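S.K.: Coordinates only, no sequence provided:
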């Protein structure tokens, strides 16, 4: 039993020592144009999902997809989000693969995340991804309306579609 415990401790020391050496000697590619590895993506996804679900509320979006709310959300989205996440002019942003991890293209691939989780990430941002906190820039209501717009961006009524297109020019 002692040799098993000693072997486990030695293996842990070797792994941690190797990780420390790789980090301290600059052996890990940390440029935004380097694709994250499998382990990095898996750990990042697990940490993200756990953190957001633990800290977001289970609140339902207080705004319904009325034409007025969709237009307000489209205008705010286009003004603040489209440059990174794609918009009416470019469904795929030219910046999409310039971040690490790559920026989700939200109007090209509509997110199915719960609104409360999506709202939380928008309000508080996401460290080490380039996603800023919009707290103090956008009101809570504006963020909720952006969520309504995004979730319905593939089936906008004509008036909201026209307003979205106009906001992109």
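M.R.: Received it, and whenever you're ready, just let me know what you need. Note that the structure is a prediction, hence the values are computed from the model and not measured.

S.K.: Might you report the residue contacts of the closest residue to residue 111 other than its chain neighbours?
M.R.: Excluding the flanking residues, the one nearest residue 111 by CB to CB, 6 or more residues apart in numbering is residue 118, at 6.0 Å. The way it works is simple: take the backbone N, C-alpha and C, and place the C-beta from them, glycine included. Taking CB atoms under 8 Å, 6 or more residues apart in numbering as the criterion, residue 118 is in contact with 111, 147, 150.

S.K.: Which neighbouring elements make contact with the lengthiest helix in the chain?
M.R.: Using DSSP state H, we find that the single longest helix of the chain is helix 2-24. Judged by 3 or more CB pairs under 8 Å, 6 or more residues apart in numbering; DSSP states H and E, helix 2-24 is in contact with no other helix or strand.

S.K.: Can you pull out the residues in contact with the following helix or strand past that helix?
M.R.: Per DSSP states H and E, helix 2-24 leads on to helix 38-55 as the next helix or strand towards the C-terminus. Here helix 38-55 makes contact (CB under 8 Å, 6+ apart) with 36, 101, 117, 120, 121, 126.
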